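A.B. asks: Just need the structure, nothing else, for what follows:
(chains A, B, C and D)
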Amino acid sequence: MKVHEYQAKELLAAAGANVPKHIVVKTPDEAAAAFDQLSNGGGVVVKAQVHAGGRGQGQLIGFSDKLGGVKFCTSKEKAKAVAEAMLTHHLKTKQTGPEGTKIQTLIVQADAEPAKEFYLGMVLDRSIGVPVMMASAEGGMDIEEVAAKHPEKILKVPVAPETGLLPFQARRLAYELGFVGDQAAKAEKIMLALSKVYRDKDASLAEINPLAITKSGDVVVLDAKFDFDDNALFRHKDIAALRDENEENPAEVRAGKANLNFIQLDGTIGCLVNGAGLAMATMDIINYHGKAHGVGPANFLDVGGSVTAEGAIEGFRIILSDPKVKGILVNVFGGIASCATIAEALVKAGKEVGFKVPVVVRLEGNEVEKARVILSQASADLPTLKTANDLTTAAKMVVELSK
Amino acid sequence: MKVHEYQAKELLAAAGANVPKHIVVKTPDEAAAAFDQLSNGGGVVVKAQVHAGGRGQGQLIGFSDKLGGVKFCTSKEKAKAVAEAMLTHHLKTKQTGPEGTKIQTLIVQADAEPAKEFYLGMVLDRSIGVPVMMASAEGGMDIEEVAAKHPEKILKVPVAPETGLLPFQARRLAYELGFVGDQAAKAEKIMLALSKVYRDKDASLAEINPLAITKSGDVVVLDAKFDFDDNALFRHKDIAALRDENEENPAEVRAGKANLNFIQLDGTIGCLVNGAGLAMATMDIINYHGKAHGVGPANFLDVGGSVTAEGAIEGFRIILSDPKVKGILVNVFGGIASCATIAEALVKAGKEVGFKVPVVVRLEGNEVEKARVILSQASADLPTLKTANDLTTAAKMVVELSK
Amino acid sequence: MSILVDKSTRIICQGLTGSAGSFHTDQCLLYGSQFVGGVTPKKGGTTWKGEKSGKELPVFNTVSEAVKATGASASMIFVPPVGAADAIMEAADAGIQVIVAITEGIPVLDMAKAKRFLKPKPRTRLIGPNCPGVITPGACKIGIMPGHIHKPCGPGEKGVGVISRSGTLTYEAVFQLTALGLPQTTCVGIGGDPIIGTTQIELLEMFQNDPQTSAILMIGEIGGTAEEQAAVFVSKSVTKPVAAFIAGQTAPPGRRMGHAGAIISGGSGSAKDKIAALERAGIEVAPTPADLGSAVQKAMARKK
Amino acid sequence: MSILVDKSTRIICQGLTGSAGSFHTDQCLLYGSQFVGGVTPKKGGTTWKGEKSGKELPVFNTVSEAVKATGASASMIFVPPVGAADAIMEAADAGIQVIVAITEGIPVLDMAKAKRFLKPKPRTRLIGPNCPGVITPGACKIGIMPGHIHKPCGPGEKGVGVISRSGTLTYEAVFQLTALGLPQTTCVGIGGDPIIGTTQIELLEMFQNDPQTSAILMIGEIGGTAEEQAAVFVSKSVTKPVAAFIAGQTAPPGRRMGHAGAIISGGSGSAKDKIAALERAGIEVAPTPADLGSAVQKAMARKK
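C.D. replies: Below you'll find the model as predicted:
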C-alpha cells in the first residue's frame, strides 16, 4: 500500500528525521495562507500529492503554461494561482498514462533548495532474505540510470530485521557518501529514521530521493516514498488509515474488496484464472497465440486456489466493466475443488452477469467430466460460452473469436 | 536500581500484563478511601512498599500485634488502622537487618486471593550471554528452596536480546507449567509483558512471584520486582525517575554521587582501594589475618583506577562517618597514575578530614619512592598514619592497631 | 527413492482444527500420508476426526508436546498469517525436520526473522510458505495439491522431479507429465513469497543426487534472480535433463515498486532475462504453459 | 612467542581523540606498541599527536576507512559506554581481529547483542569490555596497565601467562611475578562485566598451546560460574602448572539480586565453591592476594 509524500515525511519526522516544514492544503486559499506561514521572506514549494512519480517533469493536462506537479513560488498570489491550477487539472507524468491523474491534495513546503542530492532506499534483497539499505551520492531523478550504468555508485548494506540499521552502519554509509562533520551526523539520523519506519511499520519499500544538503547547509528529506506490506497492515491501523483509494485503479480497489487479485492491462482478452502462476501463464499463452493478430490480455485476475461462485461472478463483472474486452478466457485447474462446482459457478455467473462477448472455458482436474456435462447443458442459455479441452486450443479459440 | 512493587506492576500493566487494581497511598485516610474504591463488597490487601523482600513474614518493630508488611483487611476501619500501624513502625524482615526499614508508601490492592502460585523470573545467564526466562509451577516464598532441591522444577528458556521472548516460547512455557485454555493465554501475555519490560527498559532482574491463578479463575501478577541496569539508566529517564533514595543506604547514596563504589559491611576496618578486584582482595586479606581476633572489613570501597584527591577525601569522610570503624587500610596500586599524586591526595585528605583512627597505607607501583618521601614528610601532621611496604605487613598492622 | 518425504514420514498438522487444516489433513490421510497428530493451542487433549477418512488424531497444545508423544519429524502448517512465522519457529525449535508452510500472506519481515531463526539449524528444512506443499506420489502428500493427478513411479521405474514457485501451474505441469506417461519422484512447491525456506538450487542438488530421478522440471516466475542463479548451478552441477518454464512473460513491467525494486536487482528478474539464462545453461524452456510435459520429453531426448 | 598480540600487531584506537584514548595511546606508543591510526567520527582527516611520545597518527571517521588505509588488525576501544557496543560491532564488521574494549559501564543488553553479532565471525576475538587490556611484555601493549611492572621473556626464556577478571589486582599479580624474577609471556585482562568477549577457557587453551608459556596464573572473582568451568577444562586439557586466586571471599552474600540471581546459578558462584573446584582440578590456589607470585612458584614446583 502506497502513501503520499507528506504522509511518508510525517512518519520519518516522527522517527527523528529532519524534514522541511510543510502544510497540507486542499484549496487555493489554504495554499495562500500557508505561504504566509512558511515563506519566511523567500518562497515556498507547492507540491501535488499523488502516488505517481515524475511529478516535477509532468504537465497539467490542458493547462496553458508549462506546469507540472511541483512549483517554486515567490509570492502569495503565485502560490494561490499554482494551487488553483493543480487542483483543477489532471497531472500527466511518465507513470500516469495519457489520461493523467486527479490532484486532490497539495503541500506547501518551506523552501529547502538543494545544493547536493543523494539517494537513500530500503527494500528486501530476496537473494539474502533481509532488507538492504541502498545509498548513492548520485541522487535525484536519474538514480535508475546510475544503478544500471554505474552499479558501483550504489552502496548496499544488509540490515538485520531484528535490530534495524545499526548506528555504525549508518555512520559508515554517511562517510562513504561523502558527508562530513555535523552533516554526516544529520544524514546518519535520517538513515536510522528510514530504517526505523521500515521496520516498525512493515514497509516493503522506503525511499528518500533526494536526501539533500540544502544551500543553507542543512540536511533534509526533500522527497520520500513508502510502500507498505499489505500482509502486515492488520497490525498497523495507523498506516492502514493512510490509504487513499482515489489514487488506485477503481477496478483493482473493487477486486481487492472481493479478495480477488486483479491488475488492469491494455489488451482485449479478459482472463479469469485460479492461481497467480497459472494466471500469468494464461496471459502468456494468449499473447503467444495472439500477438501476430494484435491480441493480448486485458487483465491479470487470480480468483484464488478454490474458486467460489461469488468470486467468479464479481470477477466477470469487473472484467466486463472494461469496454476494451472483446473476449474472455476462463482457465481453471480444479485441484481439491471440484471442476463441477466451478462449472456451476460459471453458469450462475453467466446468467446473472450476462456474457455479451465470447467466453472460452478450459477446465481441467477433479471431476472434469461432470463439469463438461453441466456446461453443455447450459449452452442454450449461454450462447457465447465455448469450451476447449486443452489450453492451446482454448487460447487459439479466444484469440480467433475476438480478433 | 530497584523499584517498588507498585512501580513494577505499573510497568508490567503498561506492557499488557493483567495486574490487580491498586491505589498508592501515603496516609491512613487515603487507605480508608481506597478501601471504598476497591473492596467491592469484600476486602482489600494493604501492602507496605519497601524494597526489602519477605514483607509478609516480617514484623512491625514495637507493634503489639503480629503484623508484617502485607495484610488482608475486610473493613474500612481495619484498612485504616493497618495503614496507620505500618506508616508509624519500622518493618523488620529477613532482608532488612535488625533495625528494620521505614515505610513511607503503601498500596491498597483489590483482593485477588490466589488458588495457585507460580514463579516467573528473567535474568542474564552469564554462561550463555543472553537473558533466560525462568518459570516454575512451585511459586511463592520457597522458590529458592525449590531451585536448590528440585532444579528440574525450574524451567529455563533462553531469550534472544534482539527480539525478546517469542510467542511460541511463552506458549510452551505456559503449557509446561500446567496452564490450560484461556488461563494459558493469559499467562502467555504476562510472560511476554515481563520480557518486554526487561528488554525495553534494560532490566537486570525481573520477577513475578507469585504469578497467580486467583480463586475466581483470573491470572494475575500478584507481586513483582524489578532491578534495572544502572549503566543503561541514561536512556531511560522514566525509570531513573522511579529511584527512591529512602530505600538505599545513605552512605552508599553519598558515595554514588561522588562516583565511588561503596558497600557498607559489618566489620571495623575501613578500606580505601583502587579497583574492584583489588578492593575485594584487600577485604579478604584483612579477614585472613583478622578473623582470629574478630576483626573484619567495615566496607568495600573502590575509588576507581585513577584516584583523585577529591575522591579520596570523600571516601575517607564516608568511611569515618561509620562509628564502628577503628582503623583504615589504604591499598593503592599506582598503575598509570603516579603513587606520588596519590600520596599527596592522602595527605590533603588527612589534613581536611582528620584521621582519628589508625590509617595504614600501602602504596605500590609508579613513582612509589617519591610517594614514600611525601608520606614520611607528613608524618608529623598525621600521627595516626602508618606505612607498610607490602600487603601482608599492611594487613597485619591494621588488624593489630585496631583489635 | 524420492526426496524430502516418503512412506515412513510421520507428520503433524499445525492448525489442525481450523477449517483448511482439517480439510487438507483429511485429504492427505485419504492419500495415504502418515499423519500422527495435530497442534492447536487451547485444544490439547482433544481428538480430531477426519470427515472423510474417519481417522482420529490426538491434538496437542504445542509442537514440543506433539513431537514427544508422536515422534513426528514433519509438519504441515495451516496457521493463519498473524501466527504463521511463529509456528514455523516453534516447529524448528521442537526438532521438526521438514516444515511445510502452506499459509499465504505472512508479513515479509516476519519471514525474514523466521528464516534467520532457522539458519543455525541446518537439519531443519522449510518448504514454503505460500506453497501447495510437497508430494512423493503414491507415498506421502503434505499439502493441498490434488493427489490423483500424480503418477507414482513403478518398482524400479525412474521419474521426473518437479520444482515450482507456483500452485495451480504445478498441477498443470504434473497433469501434462502424467498424461504423457511420465511418473514423478517428488513434486515440491517452493512458494511464491519473496522469502522462502528452500530454494531451487537446494532442490536441484537433491534431485541430482536422487538415483530415481531421471529428469527435472523447474517452473519459475518473474521477480528475483533465483532462476538465473539456478541456471548457473545447473550448468555447473546438474547432469540430468532439465526443462523449465517462466510465467509472467507478458506481465506489465510498470507494476514495480519505485526505484528501489529495480535497483536492488540491477534491472534483472524479467522473464526475458530468466529465459536467456536458462537457455544458456542448456535447459529446455517451454514456450507456453501447454508445453510443460513435452519440454521434459525434449530435454530427455537431448541428453540421450 | 606469546598469544594474541606481538611486535608486528598493527593497532588503531577507537576514541583516539578523547582524553582517555589519547593519554593511553600515547602511553602504549611509549611502550613500543605499533599504533597506526585512530578513529573519531567527524574528526577524520586530522592528525593526532601524542603528548609525550610526540608520534603522529592519522584520524579516520570509520574503522573501515582506518583498516583500508593502515592495514590494522587490532583495535583498542575507548568509546564512551553509550556507543561502545556499536564500536565493537563496527570493528568486527571492518575485519579487525583483536578488539580490546577498555570501556567500563556498557549496558549489559548492548553487550548481549554485540556478542551475538560477533558469533558468526570466528576470526574476530574480543577482549573485555571493562578490562585493562592485553600486553605481551616488551613487544606490544594494548590497554591501560602500567607497562614497567612487566618482565619480558629473554631470548629462549619461558614465562607465565596471566588471565584476570580484575584490573589493579592484575597489576598486583604481575608486580609479584616480576619481583620473584618470573617473566610473563602475555597478560590478559578479560574484564569484569557479566558478558565478556573471550573467556578463561579460550585463553587457557591458547596458553597451553603457546610453547613459550610455562605456567598460567588465573585471577578470578565471585559471581558466575566461569572459574568452575575453567577448572574442569584445566583438569581435562591443561598439562602446564596453573595457579589461581579468587577475590571476594568476604564479600557479603546478601548483596544479591532477588531470587533470580541465585536460581540461575543454582546457588553456585561463591568464592568457596570456586576455590573448591579449582583445588579439585589440581590448581594451586593463593590464600591471600599477597601470595599470587608464590602460588605460581608452588604450582611449578608441584609439576616438576
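
A.B. asks: doesn't C:Tyr171 make contact with A:Gly365?
C.D. replies: Yes: at 6.5 Å, A:Gly365 counts as touching C:Tyr171 under the criterion of C-beta atoms under 8 Å. For glycine as for every other residue, the C-beta is placed from the backbone atoms N, C-alpha and C.

A.B. asks: Looking at those two, which is more packed in?
C.D. replies: The neighbour count for A:Gly365 versus C:Tyr171, taken as other C-beta atoms under 10 Å in any protein chain shown, is higher for C:Tyr171 (30 against 23).

A.B. asks: Would you mind giving the secondary structure of C:Ile203?
C.D. replies: Not quite, residue C:203 is Leu, not Ile. Per DSSP: H, G, I helix; E, B strand; the rest coil, the secondary structure class of C:Leu203 is helix.

A.B. asks: On the three-state scheme, the nearest residue to it once chain neighbours are set aside is what?
C.D. replies: Nearest residue to C:Leu203 in three dimensions, chain neighbours excluded: C:Ile163, at 4.8 Å (C-beta to C-beta, 6 or more residues apart in numbering or on different chains). Three-state call for C:Ile163 (three-state DSSP): strand.

A.B. asks: hmm, back to that, could you pull out the residues contacting both of A:Gly365 and C:Tyr171?
C.D. replies: A:Phe333, A:Gly335, C:Pro146, C:Ile149 (C-beta atoms under 8 Å, 6 or more residues apart in numbering or on different chains).

A.B. asks: hang on, the earlier thing: which residues does the residue nearest to C:Leu203 bridge with?
C.D. replies: Beta-bridge pairing of C:Ile163 under DSSP bridges involves C:Val188, C:Met218.

A.B. asks: what about it, distance to chain B?
C.D. replies: 29 Å (C-beta to the nearest C-beta, to the nearest Å).

A.B. asks: Pretty sure that residue sits against C:Thr186.
C.D. replies: No: when contacts are counted by C-beta under 8 Å, C:Ile163 is not listed as touching C:Thr186 (9.3 Å).

A.B. asks: Need the CA coordinates for stretch C:198-216. CSV is fine.
C.D. replies: Extracted C-alpha coordinates of stretch C:198-216, given in CSV (Å, rounded to 0.1, in the frame of the first residue of the first chain):
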residue,chain,number,x,y,z
THR,C,198,14.2,-24.0,0.4
THR,C,199,15.4,-22.7,-2.9
GLN,C,200,15.6,-24.1,-6.4
ILE,C,201,19.3,-24.8,-6.1
GLU,C,202,18.9,-26.9,-3.0
LEU,C,203,16.2,-29.0,-4.6
LEU,C,204,18.2,-29.3,-7.9
GLU,C,205,21.0,-30.7,-5.8
MET,C,206,18.7,-33.2,-4.1
PHE,C,207,17.2,-34.3,-7.3
GLN,C,208,20.6,-34.6,-8.9
ASN,C,209,21.6,-36.9,-6.1
ASP,C,210,18.4,-38.9,-6.1
PRO,C,211,19.0,-42.1,-8.2
GLN,C,212,15.4,-42.5,-9.0
THR,C,213,15.0,-39.0,-10.6
SER,C,214,15.8,-39.1,-14.3
ALA,C,215,14.8,-35.5,-15.2
ILE,C,216,13.8,-32.3,-13.5
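
A.B. asks: okay, and the common contacts of C:Ile163 and C:Thr186?
C.D. replies: C:Phe207.

A.B. asks: ok, now which ones touch the spatially closest residue to C:Asp26 that is not a sequence neighbour?
C.D. replies: Take C:Asp26 and drop its neighbours on the chain: the residue closest to it by C-beta to C-beta, 6+ apart is C:Gly50, 3.8 Å away. Under the criterion of C-beta under 8 Å, 6+ apart, the neighbours of C:Gly50 are C:Ser22, C:Thr25, C:Asp26, C:Leu29, C:Leu30, C:Glu56, C:Leu57.
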